[in-house]
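1. task: produce atomic coordinates for the following.
(4 chains, ligands or ions: 2)
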Amino acid sequence: MARFVMEFERPLVELEEKLADLKKIDLAAMPDLAAEITDLENEVERLRQTMYQALSPWEKVQVSRHPERPKTPDYLEQLFTDVVELRGDRAFGDDEAIVTALATLGDRRVMVIGHRKGRTTKENVKRNFGSPHPEGFRKAERAMRLAAKFRLPVVTFLDTAGAAPGLEDEERGQAWAIANCLATLSALPVPVVVVAIGEGGSGGALAIGFGDRLIMLENAYYSVISPEMCAVILYKDAARAAESAAALSLTAQDLLGLGIADEIVAEPLGGAHRDAEAVVAAAGERIAAALAELGGLDAAALVERRYERLRAIGEFVEATGT
Amino acid sequence: MARFVMEFERPLVELEEKLADLKKIDLAAMPDLAAEITDLENEVERLRQTMYQALSPWEKVQVSRHPERPKTPDYLEQLFTDVVELRGDRAFGDDEAIVTALATLGDRRVMVIGHRKGRTTKENVKRNFGSPHPEGFRKAERAMRLAAKFRLPVVTFLDTAGAAPGLEDEERGQAWAIANCLATLSALPVPVVVVAIGEGGSGGALAIGFGDRLIMLENAYYSVISPEMCAVILYKDAARAAESAAALSLTAQDLLGLGIADEIVAEPLGGAHRDAEAVVAAAGERIAAALAELGGLDAAALVERRYERLRAIGEFVEATGT
Amino acid sequence: MPINDWFKQRETRRYTVTSGASSDGLPDGVWRRCPECKRTLYQGEVARTLSVCPHCGHHFELIARDRIEALADEGSFVEADAGVTSGDPLRFCAAKPYTESLEKARASSGLAEAVVTGRATIEGLPVAIGAMDFRFVGASMGSAVGEKVARLFELALAERRAVVLIIASGGARMQEGVLSLMQMAKTAAAAERFSAGGLPFVSILVHPTFGGVTASFAVLADVIFAEPGATVGFAGPRLVEQTIRRSLPKGFQSAESLVEHGMIDDVVPRGELRERVTTVLAYLMHRAPAAPAAFSEGEV
Amino acid sequence: MPINDWFKQRETRRYTVTSGASSDGLPDGVWRRCPECKRTLYQGEVARTLSVCPHCGHHFELIARDRIEALADEGSFVEADAGVTSGDPLRFCAAKPYTESLEKARASSGLAEAVVTGRATIEGLPVAIGAMDFRFVGASMGSAVGEKVARLFELALAERRAVVLIIASGGARMQEGVLSLMQMAKTAAAAERFSAGGLPFVSILVHPTFGGVTASFAVLADVIFAEPGATVGFAGPRLVEQTIRRSLPKGFQSAESLVEHGMIDDVVPRGELRERVTTVLAYLMHRAPAAPAAFSEGEV
Ligand SMILES: [Zn+2]
Ligand SMILES: [Zn+2]
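-> Ligands and ions are numbered 1, 2, ... in the order given. So this is what the prediction gives:
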């Protein structure tokens, strides 16, 4: 298994490798090794359980960024049929960091909008590692408007470290592009199901990241700021990201607790990349169920309900008198 | 008078200069010169009448391009009060070849959209000689949408040789930007009064160039293609522009005859630049009258009427059977 | 030129539309040379591949009727407004008379006008379909083309059909002067009305599409595809080159570069067009469209 | 952290809002130095020029109430939602506790929250007005700011008022984590609803405006102005510099460059803002707005 090893996994991986080596030995020649192997297997299993069942927020962030983690294209390929990609913002460019496509889930025709991280480094460079430029958000907005016009439900997949922070991104109005997505999304007269599959970085995620249902994968995160940047601000030290991650309330479990996420899709121990197909399939079922439920609401009710959901998010103190 | 002299005016201007020289001479010293001056004055006047009263289409095109001809900024300054310029397309840039502004004509608040040629070479370079880039048309479209939202009548001023034909203009979707203006303009729920004040070059003019009333200055033109480019295509010779101009039906009088223009604002002999203030004032009166007439129609009626006007333009042959 | 003259000039002619025997209107026995790979091809073979070179994929020009037939369900196409054709409203005569160009175009193409329009179905979905034909005065848009396109959008709106247009054009038709220019506004307005009705418009840009057609109805479609190798723009490449005073980059205004610049949705080889359009229409007409209003053959 | 804890933590406090005696909250007798021209200025003089340096035009920071007073008709401003202030929903404690930052902000600014909102008139036109105050946790947007802004749009829609917002912000408020992020969607949704009501929203961006505030309600205005010298963007300049690995061009993210890049309508000096906003509102509310619904003082 030539898979990518996350920092915190190293002790486990070392044991696993040792175990694999032992298993190569001819047990007939060394009979007392069998017991040792069994012990080690138990040890590995115990470690796996304790480590993966209690991932810290920062460890979850690392899992969410795992290069082998299933990405938007995997969901598109496995779950959807009759996919027709729509490209371009009709004004400046086609940003490959975002994919928009007509697609069919079971017998339901929808518009898919998703951040598109690459699977290879080459792909990632082409797609700016899933960090959209303004034209990416404008493409997403165009897809939203098409969905509204033709009454296609919208399914979005979140997986971005954030909007691209380059000089030209600023010059072409990154903030304007994101804000327009937010406004358009808030008023869409069709069901919007959001699936947080990996990284949910700040405004770049939010631009396609709220709706009538928020499904989060167990190790997906959704945050106002990256833990590293937060650590730089708070401690002048990016290495203290673990502390920031813990403070930011960014895990799926945090969002469920806060009433922002509606449900969590479980991942296998170690992360979605350990059994990508099963995780993608499970997410697909949740999406289909959400679409079925939301399909009963008319446009006005949907928009009203979405607004009320948003309005209810936030905790503040209110004095009763003046 | 250090004014710009158009090619076809040269014989007249030479006579005028000769006359001016003669008048500097002391008549008391040369008594028989008086009669000669009177003769020359008559000759100049005769020539002025015959030349300017029967301008050929190509000569009108030259008059429409006269650098001292009143331009959109002159109309804005002389006719309107409380002018608030609105800038930018909110996506790429602010194109100074087009001006969009909230402005008040008498007691009527409107949205002004106009091509903006400069008065000086420096200004003209900055404004690309009034030839808009795609972001200029997108700015115009934004102004149209604001006008629709806030129910402000739209007054447009046409004065462009055409849309900019640069490499980047193509890359940023010049055709798309123009087409979107056309679509938006066609459905605007407010009165649209178009004033052709100078050049009306092709799609770049049309993008803000049709509505519920088309007022043309006497020497303004409106054409599917520039006479020069037409001559290149037809004769492989730009110098034969006069012939093309005559063939293209591009004068205000042609458009009135075709039922496309609704009225013509007279210009002084020689062109609007001979008495800019009077011409601008006369145009202002026509605009005010048009707005007053159109103000009585509701949005649906306006849009319907505008569509019917457009639908009626064109002459074709139709066989009665199949 | 007084307006009454043009009215007098109106007449009711009739053109026999002779649909070409085979693709490209070329008889089967003809050999043709592929401009891309330089091979000599047998016309019968080329016709079977929708006029795509079987060796290098070069897309030959296709005539309007063949384009429609390649997209529509077999036998479903019924032409509309076949009697609408160009007059000579401005008695245009520079270099050569417009009427001469028209007569030549009619004779060589067997068409009455540069666009063929009508009703059809695509995998059973009701569409209003049209295709432009470059052989007819460069598929330029004059009053007749503008009228036919506007009518197509109107009938599609009235009968709840999708609109599918295969577009090629040299632009607005110079020989009808400002009347041609105004067809841009007329067709854009018709497309906008149609769009407000919540119905889909898919356009397919083929080589070459320029000027007043690109900048009006062509790009107002909900979904835009282009054929491989199609060149599409507003200003022609020569004008652009003169403007910037240097040579154009490779691929400028190509269908492929239009995708990169965000202007169209995809480049689709001719052989895949029918399937792609069908799939798109299924999405955009999924709200079970009302059955198209009945229309009598007489209206066609 | 179980959600019930946060609810328990909700309480009803009350803050006394002490409006500064003069502009910038600085007493009259103080001298201050202009960072631009380096001259020493008498505070009393600066206050009379809306805190603009009389020598070089440098725009000093202004506190929220002074900004509102500079725009609204004298004595017309009535604060709304004065009792809404930040809690500590996530019990945020990294480096230092959030509650400590809040207490410090309250003490130093005399404000209950980073935005002050309310009703007023501008040349008699009914507006819902708000201004952000950079002294309060960098005018960042947490739940309380999001709530106050959303309520402002809602009351404006209900009472047919224009919305005028003077905006400065460091962005979303980190210390409320994902709750702050969601305020972007909440305020954008409120702005969008308001906009659909056909009423005008004018925003004035002042130095500095960044992050989640720029990318939500701030730029959804119908007309956007900025003060001279204001820096506005999404990503902060340091992050951009790290990203592109070279130094930033002069004027990057300045109000002046935002005009060139088509993002805002104009740069307007503070002394001209009131007149400009008044003129714009006259246009955008020309359809004689319905008289604002009566509201009792108790609701404020
Ligand atoms: Zn070939
Ligand atoms: Zn100073």
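
2. what residue ranges in the stretch 1-150 of chain A score low on pLDDT?
-> Confidence mapping of the stretch 1-150 of chain A against pLDDT under 70 gives the ranges A:1-2.

3. for chain C, that is, sorry about that
-> C:1-29, C:288-300.

4. where do the helices sit along it?
-> C:3-9, C:43-48, C:64-71, C:98-109, C:143-158, C:177-196, C:211-214, C:237-244, C:255-260, C:270-284 (DSSP state H).

5. how many neighbours does the closest residue to C:A150 other than its chain neighbours have?
-> Sequence neighbours aside, C:A190 is the residue nearest to C:A150 in space, at 4.0 Å (criterion: C-beta to C-beta, 6 or more residues apart in numbering or on different chains). For glycine as for every other residue, the C-beta is placed from the backbone atoms N, C-alpha and C. Neighbourhood size, C:A190 [other C-beta atoms under 10 Å in any protein chain shown]: 29.

6. equivalent analysis for C:T243, please.
-> 16.

7. and C:E227, by the same measure?
-> C:E227: 21 neighbours (other C-beta under 10 Å).

8. and what of C:G198?
-> Neighbour count of C:G198, defined by other C-beta under 10 Å: 16.

9. kindly report the same for A:G270.
-> A:G270 has 19 nearby residues by other C-beta under 10 Å.

10. quick one: residues contacting it.
-> Neighbour list for A:G270: A:E9, A:R48, A:Y52, A:V63 [criterion: C-beta atoms under 8 Å, 6 or more residues apart in numbering or on different chains].

11. domain ranges for chain A?
-> Domains of chain A are assigned by automatic domain parsing as A:7-54, A:61-311.

12. and the first one, how far out from the chain middle?
-> It refers to domain A:7-54. Centre-to-centre, domain A:7-54 and its host chain are 32 Å apart (C-alpha atoms, centre = their mean, to the nearest Å).

13. any idea how far the residue nearest the centre of chain C is from C:A139?
-> Central residue of chain C (C-alpha atoms, centre = their mean): C:M132, 2.5 Å from the mean position. Distance of C:M132 to C:A139, given as C-beta to C-beta, to the nearest Å: 4 Å.

14. which neighbours do these two share?
-> Residues touching both C:M132 and C:A139 by C-beta under 8 Å, 6+ apart: C:A114, C:V115, C:A168, C:S169, C:V213.

15. if I read this right, the second one contacts C:V137, doesn't it?
-> Same thing as C:V115. No. The pair C:V115 / C:V137 is not scored as a contact, 11.2 Å apart, by C-beta atoms under 8 Å.

16. neighbour count for the two, which is higher?
-> C:V115 (29 against 25).

17. scan chain A for its longest helix.
-> In chain A, assigned by DSSP H, the helix with the most residues is helix A:33-53.

18. what's that helix in contact with?
-> Residues from elsewhere that reach helix A:33-53, judged by C-beta under 8 Å, 6+ apart: A:8-9, A:11-12, A:15-16, A:18-19, A:22-23, A:25, A:27, A:269-271.

19. buried set for that helix?
-> A:L40, A:V44, A:R48, A:M51, A:Y52 (16 or more other C-beta atoms under 10 Å in any protein chain shown).

20. helices along chain A, start to end?
-> A:10-24, A:33-53, A:57-64, A:72-79, A:121-126, A:134-149, A:167-171, A:174-186, A:202-206, A:227-235, A:241-247, A:252-257, A:276-294, A:299-311.

21. tell me which of those helices sits most buried.
-> helix A:202-206 (a mean of 30; mean count of other C-beta atoms under 10 Å in any protein chain shown).

22. residues making contact with that one?
-> The set of residues external to helix A:202-206 that reach it, using C-beta under 8 Å, 6+ apart, is A:115, A:131-132, A:158, A:160-164, A:175, A:178, A:182, A:196, A:199, A:222-226, D:172, D:181-182, D:184-185, D:211-212, D:215-216, D:234.

23. same question for it, mean pLDDT?
-> Averaged across helix A:202-206, pLDDT comes to 98.

24. may I have that helix exported as PDB, CA atoms only?
-> Only the C-alpha atoms of helix A:202-206 are listed here, as PDB (Å, rounded to 0.1, in the frame of the first residue of the first chain):
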ATOM      1  CA  SER A 202     -13.600  30.000   4.500                       C
ATOM      2  CA  GLY A 203     -15.500  32.200   1.900                       C
ATOM      3  CA  GLY A 204     -14.200  30.000  -0.900                       C
ATOM      4  CA  ALA A 205     -16.200  27.100   0.500                       C
ATOM      5  CA  LEU A 206     -19.200  29.100   1.600                       C
END
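
25. from A:L291, how far out is A:A283?
-> Applying C-beta to C-beta, the value for A:A283 to A:L291 is 13 Å.

26. how about C:A72?
-> Using C-beta to C-beta, we find C:A72 at a distance of 33 Å from A:L291.

27. contacting residues around the residue of the stretch 101-250 of chain C found nearest chain D?
-> Of all residues in the stretch 101-250 of chain C, the one sitting closest to chain D is C:A196 (17.4 Å; C-beta to the nearest C-beta). By C-beta under 8 Å, 6+ apart, the contact set of C:A196 is B:A187.

28. C:T40 versus that one, what's the distance?
-> Distance of C:A196 to C:T40, given as C-beta to C-beta: 51 Å.

29. C:R193 too?
-> Separation of C:R193 from C:T40 (C-beta to C-beta) stands at 49 Å.

30. ok, these two, which is more surrounded?
-> C:R193 (18 against 8).

31. residue in the stretch 51-200 of chain A with the shortest distance to ligand 2?
-> At 27.8 Å from ligand 2, A:E170 is the closest residue in the stretch 51-200 of chain A, using C-beta to the ion.

32. now do the contacts for residue 127.
-> Going with chain A. Contacts for A:R127 (C-beta under 8 Å, 6+ apart) come out as A:E96, A:A97, A:R116, A:K117, A:G118.

33. you answered for a different chain; I wanted chain C.
-> Residues near C:V127 by C-beta under 8 Å, 6+ apart: C:A72, C:R119, C:A120, C:T121, C:A156, C:R161, C:A162, C:V163, C:V164, C:L281.
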